[in-house]
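Student: sequence and predicted model, in that order:
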Amino acid sequence: AFSARMNAWATWWAGTWLMGECEVNDCEIDGGGTGQGQGLLVKRCRFLEEAGCASICLNSCKLPTERFFLEDMGLPLTMTPGYDTHECQFSFGLTPTPQSELDARKTPCLSRCPSNGGMRTWHQGGGGNA
């Protein structure tokens, strides 16, 4: 729990300039409990807002960041982007499930996507126009 709280705080401290306004909060953790101070809410993610593309969010931020924290830091992290609000909930201490990754990959293209679906095709290894 200490490591999860410390990472939430460090991400708030170091990530605000990159992602936008953030706040440390409580979140769901493995085992169905609530981790006090183990979450981080990005109130309006600049990366998602500027990209305007769910595939870029998923493949350039969400999945690599979750993988980094699990494999390199030894700490499970689940990120839950809100595509309509540009919010993103970081839940340190919550292991992403295969189903949550599958659901994330099924997120439809956003209506404002500048590549008109081309990035999704490219990320899935099918070439594309990006």
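Tutor: Okay, I see it.
Student: which secondary structure state does residue 111 sit in?
Tutor: Recorded secondary structure, residue 111: coil (DSSP: H, G, I helix; E, B strand; the rest coil).
Student: check residue 81 too.
Tutor: Quick answer, by three-state DSSP: residue 81 is strand.
Student: isn't it up against residue 87?
Tutor: Yes. Residue 81 is in contact with residue 87 according to CB atoms under 8 Å; the separation is 7.5 Å. From N, CA and C alone the C-beta is placed, and that goes for glycine too.
Student: higher neighbour count, the two?
Tutor: Between residue 81 and residue 87, counted using other CB atoms under 10 Å, the more crowded position is residue 81 (21 against 16).
Student: shared neighbours, residue 81 and residue 87?
Tutor: residue 45 (CB atoms under 8 Å, 6 or more residues apart in numbering).
Student: just how off-centre is the top strand by length along the chain within its chain?
Tutor: Secondary structure of the chain per DSSP state E: the longest strand is strand 34-42. How far strand 34-42 lies from its chain's middle: 13 Å, per CA atoms, centre = their mean, to the nearest Å.
Student: report the angle between the top helix by length along the chain and strand 34-42.
Tutor: Determined from DSSP state H, the single longest helix within the chain is helix 2-19. Computed by axes from the mean of the first three to the mean of the last three CA atoms, to 10 degrees, the angle separating helix 2-19 from strand 34-42 equals 10 degrees.
Student: so how far is helix 2-19 off the chain centroid?
Tutor: Worked out by CA atoms, centre = their mean, helix 2-19 lies 13 Å from the chain centre.
Student: what packs against it?
Tutor: strand 22-28, strand 34-42, helix 46-51, strand 87-92 (3 or more CB pairs under 8 Å, 6 or more residues apart in numbering; DSSP states H and E).
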